[in-house]
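Asks: the sequence and its predicted three-dimensional model are supplied below.
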Amino acid sequence: MSAPTLAGTALKVTPLGEALGAEIEGVNLALLDDASFVQIERAWADHLVLRFRRQQLSDLGLMQFSRRFGALDPVPIRASDVMDHTDPRLAIDPEAREYVTIISNVKVDGMAIGGLGNYEAHWHTDMSYNDTPPSASLLYGIEVPPEGGDTSFCNMYLAYDTLDKTSRERVRSLTCVHDASRNSSGELRRGFADNDEPTRTIGARHPLVRVHPVTERACLFLGRRRNAYIPELPLDESEHLLDYLWAHATQQRFSWTQQWQQHDLVIWDNRCAMHRRDSFDDRYERVMHRTQIRGTTPIRYV
Ligand code: OGA
Ligand code: MN
């Protein structure tokens with residue numbers, strides 16, 4: 001007799017990078033069964049970032065798959081030159097407007113339909129300037145350029161584990177203020193004043209080392225470098241330590257880079273991975289739809 005198996009077929013999980021990232025094959029996310037989802041969740045905990053190629057997802061399909069991971073978080077505050085998320089000119093299902101964030105350089109009547117333009121987006125954690133940042137983001141490639149616009153991810157468990165013992169102990173006792181005023185490509189968000197003084201940063205304060213609520217492992221928790229501030233330290237020491245931690249965490253050996261194909265769906269764990277994006281030529285149109293999953297308040301690792 002053959003060994004008992006879970007209902008459905010086993011998915012194929014292939015690591016994509018040394019540090020993080022895996023490809024999942026053999027699944028149609030629009031028709032996902034519970035047994036496959038259990039395998040996806042396990043692979044996600046192990047690999048932090050998962051890629052699914054050749055998926056056909058409407059906005060509602062993207063939301064439905066996303067909800068497997070938890071309640072959806074509403075779209076973040078837009079930059080001032082980006083269309084409002086309720087703008088009827090957006091090609092987006094009205095039911096999806098509150099939850100599907102558009103990331104795009106495409107303009108209609110001179111207004112961008114989504115955030116981040118064609119610029120480089122610097123290393124960041126999504127919406128970490130909120131008290132409860134999302135646990136995950138899911139990004140679906142609808143139109144992708146033939147070159148440029150790659151997205152890199154880095155493993156913040158490894159970033160913490162590879163610090164020397166003295167630094168690990170030091171950072172465990174500290175917090176950081178995460179700037180809410182600008183997005184990862186530097187655009188000022190609506191309703192925020194410009195500020196260049198880290199001690200006056202407006203945004204959530206989080207432990208520098210958090211415990212992952214599922215894996216219970218420690219991860220370094222950085223949001224975005226600009227205007228970040230460690231309020232327990234004088235400004236020059238805060239700057240020095242943050243420069244060191246950012247350089248350490250974003251080393252090539254802790255990262256993996258996604259080169260997009262149309263209809264790739266990528267999910268990242270926003271608690272233990274940061275990401276960045278390369279710029280691309282503005283003659284190409286890049287249209288990505290993103291959902292974000294409501295997280296829990298970051299808890300200090302002790
Ligand atoms: C995001 C983001 C990167 C990209 O959606 O949060 O940072 O590749 N996007 O567009
Ligand atoms: Mn992001």
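Replies: Good, I have the coordinates. Residues are numbered from 1 along each chain as shown. Ligands and ions are numbered 1, 2, ... in the order given.
Asks: residue contacts, the spatially closest residue to Leu32 that is not a sequence neighbour?
Replies: Spatial nearest neighbour of Leu32, excluding adjacent residues (C-beta to C-beta, 6 or more residues apart in numbering): Phe65 at 6.4 Å. Using the backbone N, CA and C atoms, a C-beta is placed for each residue, glycine as well. The contact partners of Phe65, by C-beta atoms under 8 Å, 6 or more residues apart in numbering, come to 29-30, 32, 57, 138, 265.
Asks: could you check how far Phe65 is from ligand 1?
Replies: 16 Å (C-beta to the nearest ligand atom, to the nearest Å).
Asks: stretch 214-231 near ligand 1 at all?
Replies: No: on the criterion C-beta under 6 Å from any ligand atom, stretch 214-231 is out of touch with ligand 1, staying 10.6 Å away.
Asks: just the C-alpha atoms of that stretch, please, in CSV.
Replies: Listed next in CSV are the C-alpha coordinates belonging to stretch 214-231 (Å, rounded to 0.1, in the frame of the first residue of the first chain):
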residue,chain,number,x,y,z
VAL,A,214,5.4,32.4,13.6
THR,A,215,9.0,31.1,13.6
GLU,A,216,9.9,32.8,16.9
ARG,A,217,13.3,33.7,15.5
ALA,A,218,14.9,37.0,16.0
CYS,A,219,15.2,39.4,13.1
LEU,A,220,16.7,42.8,12.7
PHE,A,221,13.9,45.2,12.0
LEU,A,222,14.8,48.2,9.9
GLY,A,223,12.3,50.3,8.0
ARG,A,224,13.9,52.9,5.8
ARG,A,225,17.2,54.6,6.3
ARG,A,226,16.2,58.2,5.6
ASN,A,227,15.3,60.0,8.9
ALA,A,228,15.6,56.8,10.9
TYR,A,229,16.5,57.6,14.5
ILE,A,230,17.4,55.5,17.6
PRO,A,231,15.9,57.7,20.4
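Asks: how far off centre is it?
Replies: The chain centre lies 13 Å from the centre of stretch 214-231; the measure is C-alpha atoms, centre = their mean, to the nearest Å.
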